[in-house]
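Participant: Pasted the sequence and its predicted model underneath.
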Amino acid sequence: MPSIQEQTQTFTRLYSEVYALFHRAIPKRTLLTPESLAVLEHFRLAGPLTVTEAARHMERAQSVMSGIIDQLVTKGLVIRIRDERDKRRVLVWLSELGRTTMAGESEVLCPERLGAALFGLRASERESLLMNLEKLLQLAGKPKRGKSKGKSQ
């Protein structure tokens, strides 16, 4: 039986290989600047804001924020909408593409490649793999997320 140190080394090697194989590649043409991503994330968390409000929240000059938002509008990631309560105010909010983009930003692994590989496992093997990964995370101190179909041990 391999020692815990040997198993740790094996896991580390396998994890690195899994990450290298299944990581989500971001096409260069869709790369956003860190500042644009920060603005999109802020809108995702805060909801619709005026340019002035966004500039104040992010501690940027209004002209700088306006320029960033103009670029994001051009890319179809945010839209400008009239405030229903005050027609003089124009709010900026994530477009459907912006919401989809931000949802994808949190994905580390490529779901298509991973799904294709998981398809090669029997259902019981997939369940065992997921259950054991969940247990490993719990033992490391991360609370359980979502429902697991496997039995608790």
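Facilitator: Looks like it arrived, so ask away.
Participant: For Met58, which non-adjacent residue is closest in space?
Facilitator: Computed as Cβ to Cβ, 6 or more residues apart in numbering, the closest residue to Met58 that is not its neighbour in sequence is His42, at 6.1 Å. (C-beta placed from N, C-alpha, C; glycine too.)
Participant: which residues does the one you found contact?
Facilitator: Contact analysis of His42 by Cβ atoms under 8 Å, 6 or more residues apart in numbering lists 49, 54, 57-58.
Participant: contacts for stretch 47-59?
Facilitator: For stretch 47-59, the external contacting residues (Cβ under 8 Å, 6+ apart) are 38-39, 42-43, 46, 61-62, 64-66, 69, 81, 89-93.
Participant: hmm, try it at 10 Å
Facilitator: With contact meaning Cβ atoms under 10 Å, 6 or more residues apart in numbering, stretch 47-59 is reached by 35, 38-39, 42-43, 45-46, 60-70, 78-81, 83, 89-94.
Participant: Identify each buried residue in the lowest-mean-pLDDT helix or strand in the chain, please.
Facilitator: Across the helices and strands of the chain, mean pLDDT, DSSP states H and E gives its lowest value to helix 96-105, namely a mean of 85. Neighbour-count burial for helix 96-105 flags 98, 101-102 (criterion: 16 or more other Cβ atoms under 10 Å).
Participant: Give me the neighbour count for Gln5.
Facilitator: 8 (other Cβ atoms under 10 Å).
Participant: how about it, secondary structure?
Facilitator: helix (DSSP: H, G, I helix; E, B strand; the rest coil).
Participant: how far away is it from Val92?
Facilitator: 53 Å (Cβ to Cβ, to the nearest Å).
Participant: Likewise for Glu134?
Facilitator: 39 Å.
Participant: Same question for Arg13.
Facilitator: 46 Å.
Participant: On the pLDDT front, check the nearest residue to Cys110 once chain neighbours are set aside for me.
Facilitator: Using Cβ to Cβ, 6+ apart and skipping residues adjacent in sequence, the residue nearest Cys110 is Arg24, 4.6 Å away. Arg24 carries a pLDDT value of 76.
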